[in-house]
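>>> Need a 3D model of the following:
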Amino acid sequence: MTGGRARWAAMLGIAAVVSALLAATGWLAPSPSKRPAAPAPDGCTILQAENERSGAPTTLRLLSLPDGLTKRLTEVGYWINAMGYAPAQDVVYGVADGTRAGRYHDGAHAVRISRTGAVTDLGVVGKAGSRHPVWSQVTGATAGVVAGNRWYVRQNSDLYTVDVDPASADYVRVVHRTSLRPVALADGVDDFAYDPADGLLYGISTSSRGDSSVVTLDPSSGEVAVVPGLRLPSGGAYGSVVLGPGSIYATANHEGRRSVTYRLPRDGSGPAVEISTGPVLASGDAAGCYAEAAVPSPPPTEPPPNTPPPTEPPPNTPPPNTPPPNSPPPNSPPPNPPTPTPAPKPKPTPTTPAPEPPPPSQPPPVEEPVAVVAPTPTPSPREEPTTVAPTPPPSTKRPHVVPTKKPEPVVQDTAVRTKEQRRWGLTTLILVLGAGAVAAARRHR
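This is a model prediction of the structure:
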């Protein structure tokens, strides 16, 4: 096995050992997904609008269900009611009867509320086809809910259907009106929620006939009916009503010196349970449940990028291939290969280099004769036979080198220079004799 292969085998062995250790410790194994736990089946978040007195401002709060925890979102300069949440748009629509400055002169305006509590005034809610309505038909509305692109708003004993499709020509316009019957039940409903399972609206009627019972409203026919067995504590108006999985949540605006939020099982399996309390409200409303934001799960993919490092050592293996270039020197006698004229001569004579040792010259002129002595069996057509004349004097072969190099040793006549010349002369003699011996041996072959 060569040195390069041995190094490759050693590196591969080290990589295998490291990989085995990583796998044993679990670094290379796919990590279990670390997705956050899913919310409770009956949990959701709703938006509540609270007014402790008539008029603006309105305080927006987030209410967590079913635990009843509240969080103040912001305070807005509108008097908001009849809200409905549009899941497809992730916004809440509401009716604003006025601002801090007072009521609107053209009736209630529609407003759009973002998750952060930013409110946008959408103007008067007029009839469909009306480009510049002069009066809003939903002024004084107290109940609202959104189903798809339809916003159902109750004002007195009428149920208005408002188009909230942003791409529609009748955006924020009343496209239908339905009379609610019986009026004795309908008038006591201050909020309702939509159930997509049956297409009905669910609210709490606090009229003398309703007696805080859960009622349904049919948007298509306007029929109002009591749901048997579902009833909340008697008290003031239930201004906030939402549907959660398996339960109905309703907030009584005024019960003693507080407002109270109840949870009532829809299957009638138990009584209403108090989950949250707050200050007494002049009016209130709610919308939800908010759609839960999708949580990305890229973290599990982070550990794998730590495995590539074991593959980095292979690029360092090419160095073993570099030693071969050092092998050619043994094939050529001269120790310094950069001679410009290493061309072989067809008729080398061992006696010709003999006269060169006496003149002490610098290394460059000494390397050229050695190249001349080194013979090769294959003559090259580029060689000039005239330059290889058997004449001993090197001046005929190197007129451009010898004249310039010879005068230097004559001029310098110091002891140090003499010692250096003797050393170079001895080196030259040894090289020439060695080259002659090699040439003689090849000739006898």
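>>> Please count neighbours and contacts with C-alpha atoms only from this point.
Will do.
>>> quick one: what helix or strand has Ala225 in it?
Using DSSP states H and E, Ala225 sits within strand 224-231.
>>> what's that strand packed up against?
helix 183-186, strand 213-217 (3 or more Cα pairs under 8 Å, 6 or more residues apart in numbering; DSSP states H and E).
>>> Keeping just the C-alphas, turn the longest one into PDB.
This file holds the C-alpha atoms of strand 213-217, laid out as PDB (Å, rounded to 0.1, in the frame of the first residue of the first chain):
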ATOM      1  CA  SER A 213     -82.800  31.600  27.600                       C
ATOM      2  CA  VAL A 214     -80.700  30.600  24.600                       C
ATOM      3  CA  VAL A 215     -82.500  31.300  21.400                       C
ATOM      4  CA  THR A 216     -81.800  30.700  17.700                       C
ATOM      5  CA  LEU A 217     -82.500  33.100  14.800                       C
END
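>>> Give me the helix or strand of the chain that scores worst on average pLDDT.
Across the helices and strands of the chain, mean confidence by mean pLDDT, DSSP states H and E is lowest for helix 363-373: a mean of 41.
>>> quick one on the thing from earlier: which one of the helices and strands packed on strand 224-231 lies closest to Leu243?
strand 213-217 (11.8 Å; Cα to Cα).
>>> Show which residues not belonging to that closest one make contact with it.
180, 200-206, 223-227, 230-232 (Cα atoms under 8 Å, 6 or more residues apart in numbering).
>>> right, so the helices and strands packed on strand 224-231: which one is the most enclosed?
Across the helices and strands packed on strand 224-231, averaging neighbours per residue (mean count of other Cα atoms under 10 Å) puts strand 213-217 on top, at a mean of 24.
>>> ends of stretch 116-135, how far apart?
Stretch 116-135 has an end-to-end distance of 30 Å (criterion: Cα to Cα, to the nearest Å).
>>> Buried residues of that stretch, list them for me.
Gly117, Val119, Leu122, Gly123, Val124, Val125, Gly126, Lys127, Ala128, Pro133, Trp135 (16 or more other Cα atoms under 10 Å).
>>> number of nearby residues for Asp67?
Neighbourhood size, Asp67 [other Cα atoms under 10 Å]: 12.
>>> tell me the secondary structure for it?
Each residue gets one of three states, and Asp67 gets coil by DSSP: H, G, I helix; E, B strand; the rest coil.
>>> try Thr427
Secondary structure, three-state DSSP: Thr427 is helix.
>>> check contacts around it.
So Thr427 contacts nothing (Cα under 8 Å, 6+ apart).
>>> how close does it get to Leu433?
On the measure of Cα to Cα, Thr427 and Leu433 end up 10 Å apart.
>>> picking that back up, please identify which of the helices and strands packed on strand 224-231 is closest to Arg112.
That would be strand 213-217 among the helices and strands packed on strand 224-231, by Cα to Cα, at 24.7 Å.
>>> Taking strand 224-231 as reference, get the angle to that closest one.
150 degrees (axes from the mean of the first three to the mean of the last three Cα atoms, to 10 degrees).
>>> Tell me which strands strand 213-217 pairs with, and in which orientation.
The pairing partners recorded for strand 213-217 under DSSP bridges are strand 200-205 (antiparallel), strand 224-231 (antiparallel).
>>> tell me the most buried of those?
Taking mean count of other Cα under 10 Å, strand 200-205 is the most buried of those, at a mean of 27.
>>> what does the average pLDDT come to for it?
Averaged across strand 200-205, pLDDT comes to 98.
>>> What residues of whatever helix or strand Glu75 lives in count as buried?
In this structure, Glu75 is located in strand 70-76 according to DSSP H and E. Neighbour-count burial for strand 70-76, counted by 16+ other Cα under 10 Å, picks out Thr70, Glu75, Val76.
>>> For the very next helix or strand once past that strand, enumerate the helices and strands it packs against.
Remark: after strand 70-76, the chain's next helix or strand is strand 78-86, criterion DSSP H and E. If you count contacts as 3+ Cα pairs under 8 Å, 6+ apart, strand 78-86 packs onto strand 44-51, strand 58-65, strand 91-99, strand 143-147, strand 150-155, strand 283-287.
>>> TSV for the ones you listed, including mean neighbour count and distance to Gly84?
Putting the helices and strands packed on strand 78-86 into TSV (neighbours: other Cα atoms under 10 Å; distance: least, Cα to Cα, whole Å) gives the following:
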stretch	mean neighbour count	distance to Gly84
strand 44-51	24	10
strand 58-65	21	14
strand 91-99	25	5
strand 143-147	27	4
strand 150-155	24	7
strand 283-287	30	5
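>>> so which of those comes closest to Pro245?
If you check each of the helices and strands packed on strand 78-86 against Pro245 by Cα to Cα, strand 44-51 wins as the nearest, at 8.8 Å.
>>> quick revisit: specify the angle between the helix or strand following the strand holding Ala225 and strand 143-147 in degrees.
Per DSSP H and E, the first helix or strand lying C-terminal to strand 224-231 is strand 238-244. On the basis of the same axes, to 10 degrees, strand 238-244 is oriented at 20 degrees to strand 143-147.
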